[in-house]
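**Q** next comes the sequence, and after it the predicted model I'd like to discuss.
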Amino acid sequence: MSTVKKAVYEKGFGKPVISNDVKDHANDPFFVEKLEKAKKALSKITFPESIKK
Amino acid sequence: MNLDRYTFFTSDYQDYEFFSEGPKGRIKKVVKFMKAQDDPIIFNLAFGDEDPLTGNVSDVIITDNKDTDIVLATVANTVNSFCDHFGNHYIYVEGSTPSRTRLYQMSISRIFAEITTDFDVHGLKDDELYRFELNVNYEAFLVKRKIK
């Protein structure tokens, strides 16, 4: 993957390149902390019934 | 959405990587989606730079690689890819600091017309949810892909 250079497309959404080199960051402290911060912020918000299940 | 973007990589459609290229060099960006709540279903989107030496991810350092809009467009592409595989759920985005959130807001504002062709964008402020408006400062953002 280190040889991949910048590729910029002009039109539409693109599909990702599947690569097993991409790590699972589920236990990464950075992302765990971000998730907890998001949960805390979201818990304070009252969502309209129209967007709930 | 007709915006320039970087090639992006994934192994599971929840973790994504791409490389920012600019005056500061080639910087690996990491994006991850994690479920934050069930009703309504909301996934947290977090992204940052991966340190090439330690592998640690951080969003505290301002990269200043002169490609913010391309980076944001690439992140929008990861949202689209994520939704392709997991559904059109709400995605929560918040900067690490108010100034970083403000930076995101400025980028969203610049490409707002492009984004809103595909996404509904909301802003969060004082624990209330609002439809995103230009020139209003928000504390975080919720986006949801439109059903077409």
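**A** Nice, I can see it. Residues are numbered from 1 along each chain as shown, chains lettered A, B, ... in the order given.

**Q** the helix or strand where residue B:143 lies: partners in the sheet, and parallel or antiparallel?
**A** Applying DSSP states H and E as the criterion places residue B:143 in strand B:140-145. Its sheet considered, strand B:140-145 pairs with strand B:90-93 (antiparallel), strand B:119-125 (antiparallel) by DSSP bridges.

**Q** stretch A:18-28 - what's its average pLDDT?
**A** Regarding stretch A:18-28, the rounded mean pLDDT is 93.

**Q** can you list the strands paired with strand B:140-145 in CSV and add mean pLDDT and mean neighbour count?
**A** Heads up, the C-betas are built off the backbone N, CA and C, glycines and all. Shown next, in CSV, are the strands paired with strand B:140-145 (pLDDT from 0 to 100; neighbours: other Cβ atoms under 10 Å in any protein chain shown):
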stretch, mean pLDDT, mean neighbour count
strand B:90-93, 96, 23
strand B:119-125, 92, 18
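
**Q** show me where chain B has its strands.
**A** In chain B, the segments counted as strands under DSSP state E are B:8-10, B:15-22, B:25-38, B:41-50, B:57-58, B:90-93, B:119-125, B:128-131, B:140-145.

**Q** ranges for the strands of chain A?
**A** A:17-18.

**Q** the helices in it, which residues?
**A** A:29-43 (DSSP state H).

**Q** what's the closest of the strands of chain B to residue A:47?
**A** strand B:128-131 (6.6 Å; Cβ to Cβ).

**Q** identify all contacting residues around that closest one.
**A** Identification of contacts with strand B:128-131 by Cβ atoms under 8 Å, 6 or more residues apart in numbering or on different chains yields A:45, A:47, A:48, B:120, B:121, B:122, B:123, B:124, B:136, B:138, B:142.
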